[in-house]
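Participant: Here is my input, please return the structure:
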Amino acid sequence: MAVEYRRLGKHGTLVSNLCLGTVNFGTWASEKDSFAIMDRALEHGINFFDTADVYGYEFGYGLVEETIGRWLAQGDGRRDAIVLASKVYSAFLQEGLRPEPNRQSKAIGAVKIRRQLESSLRRLQTDVIDLYQMHHIDRECPWEETWQAFDTLVKQGKIHYVGSSNFAGWDIATACQEASRRHMMGLVSEQTRYSLACRTPELEVIPACRHYGMGLLPWGPVYGGILGGILKKLPKGGRRAQKKDSDIKEFLAKHRKQIERYEALCKKLGEEPAVVAQAWLLHNPAVTSIIIGPRTLKHLESSIRATEITLDDETLQKLDEIWPGPGGEAPEAYAW
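Facilitator: Below you'll find the model as predicted:
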């Protein structure tokens, strides 16, 4: 295996099997380092970049999109070299704007979709976002309104595709059926939390994506660092340290034996745990591209390594034994 290109679900656009997640850019990674990571990603053939309007909110709303925009503004054909994805949903709290409910709520109404799309385009210094994703479900907004808003943006040439993120299986089905009624393309991808340590999507999200021909874009492939050799990297403070340390300690209290078995297997394979975790996802035919979130060039190279190794059937079986899934797809996983 290596960095390769897969269709975005059943659709015609090709994306790399690694998607460069940018949540750390211009914040936990300096702008200089962020530019270097994006440059190196292109050199490796990664053509899929993912961001969100809310990324970097701790430092300033839209900061990550602005960082990417300055990188794109350097020219050299880099905008046309990538498939660019962003998201809409979170509260819009940009400094200098008057308080207004549609900016400050977590929702996906027509007014908010249009306003935040226009703001993202300005920050990214581009005239089109290739994949515009709903960052979360808004079950109170009627799909008639949501799809009409997205359809308008597609017809105006401001977005190419619509995707979802953090949707339940039945939300995916509802969205796709409602789009079909309007003779629209509907959702082309779902970005969901999926890893060896979080296999719940196998019940309904993955089957829904397969049924509707959607690309599956797992985020959190190393489960917040827990699958990245956590026993050698126990919390030492730092980024969001208090909450993150507490979450890690709680997980280890329940799953230490699994972690120990997992890290021992990785050692036997001669590969870093983070590499094995990402390689496991890449072996799943349902996966289109995994979202990686490097803070350093070293992190990026680790993800590249995951595309270069092959896990044999025996190793895949051992990983299933250590990190068992839910037992298959719903309802057969829990009913006759």
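Participant: neighbours around the nearest residue to residue 10 once chain neighbours are set aside, how many?
Facilitator: Closest residue to residue 10 apart from its sequence neighbours, by Cβ to Cβ, 6 or more residues apart in numbering: residue 213 at 3.1 Å. Heads up, the C-betas are built off the backbone N, CA and C, glycines and all. When neighbours are counted by other Cβ atoms under 10 Å, residue 213 registers 15.
Participant: Could you do the one 10 residues further on as well?
Facilitator: For residue 223, the count of nearby residues is 19 (other Cβ under 10 Å).
Participant: could you pull out the strands for the stretch 151-300 of the chain?
Facilitator: For the stretch 151-300 of the chain, strands defined by DSSP state E, counting those that start in this stretch occupy the ranges 159-165, 187-193, 215-219, 290-292.
Participant: Would you reformat the ones you listed as CSV and include mean neighbour count?
Facilitator: Shown next, in CSV, are those (neighbours: other Cβ atoms under 10 Å):
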stretch, mean neighbour count
strand 159-165, 24
strand 187-193, 25
strand 215-219, 25
strand 290-292, 25
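Participant: Would you convert those into TSV that also reports mean pLDDT and distance to residue 32?
Facilitator: Formatted as TSV, these follow (pLDDT from 0 to 100; distance: least, Cβ to Cβ, whole Å):
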stretch	mean pLDDT	distance to residue 32
strand 159-165	98	29
strand 187-193	98	28
strand 215-219	98	25
strand 290-292	98	20
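Participant: Low-confidence stretches in the chain?
Facilitator: 1, 92-99, 102-104, 234-244 (pLDDT under 70).
Participant: Could you find the closest non-adjacent residue to residue 198?
Facilitator: residue 223 (6.0 Å).
Participant: quick one: contacts for that neighbour?
Facilitator: 195, 196, 197, 198, 277 (Cβ atoms under 8 Å, 6 or more residues apart in numbering).
Participant: ranges for the helices of the chain?
Facilitator: In the chain, the helices defined using DSSP state H lie at 31-43, 63-72, 101-104, 110-124, 143-155, 169-181, 205-212, 241-269, 273-282, 297-306, 313-322.
Participant: was I right about residue 309 contacting residue 275?
Facilitator: Yes: taking Cβ atoms under 8 Å as the definition, residue 309 is a contact partner of residue 275 at 6.9 Å.
Participant: If we ignore the residues flanking it in sequence, what's nearest residue 58?
Facilitator: The shortest distance from residue 58 to any non-neighbouring residue, by Cβ to Cβ, 6+ apart, is to residue 27 (6.9 Å).
Participant: Would you mind measuring from the one you found to residue 56?
Facilitator: Distance, residue 27 to residue 56, by Cβ to Cβ, to the nearest Å: 5 Å.
Participant: Give me the common contacts of these two.
Facilitator: With Cβ under 8 Å, 6+ apart, residue 27 and residue 56 have common neighbours 63, 64.
Participant: Tell me how many other residues surround residue 109.
Facilitator: 18.
Participant: Was I right to think it contacts residue 141?
Facilitator: Yes: applying Cβ under 8 Å, one finds residue 109 in contact with residue 141, separated by 5.5 Å.
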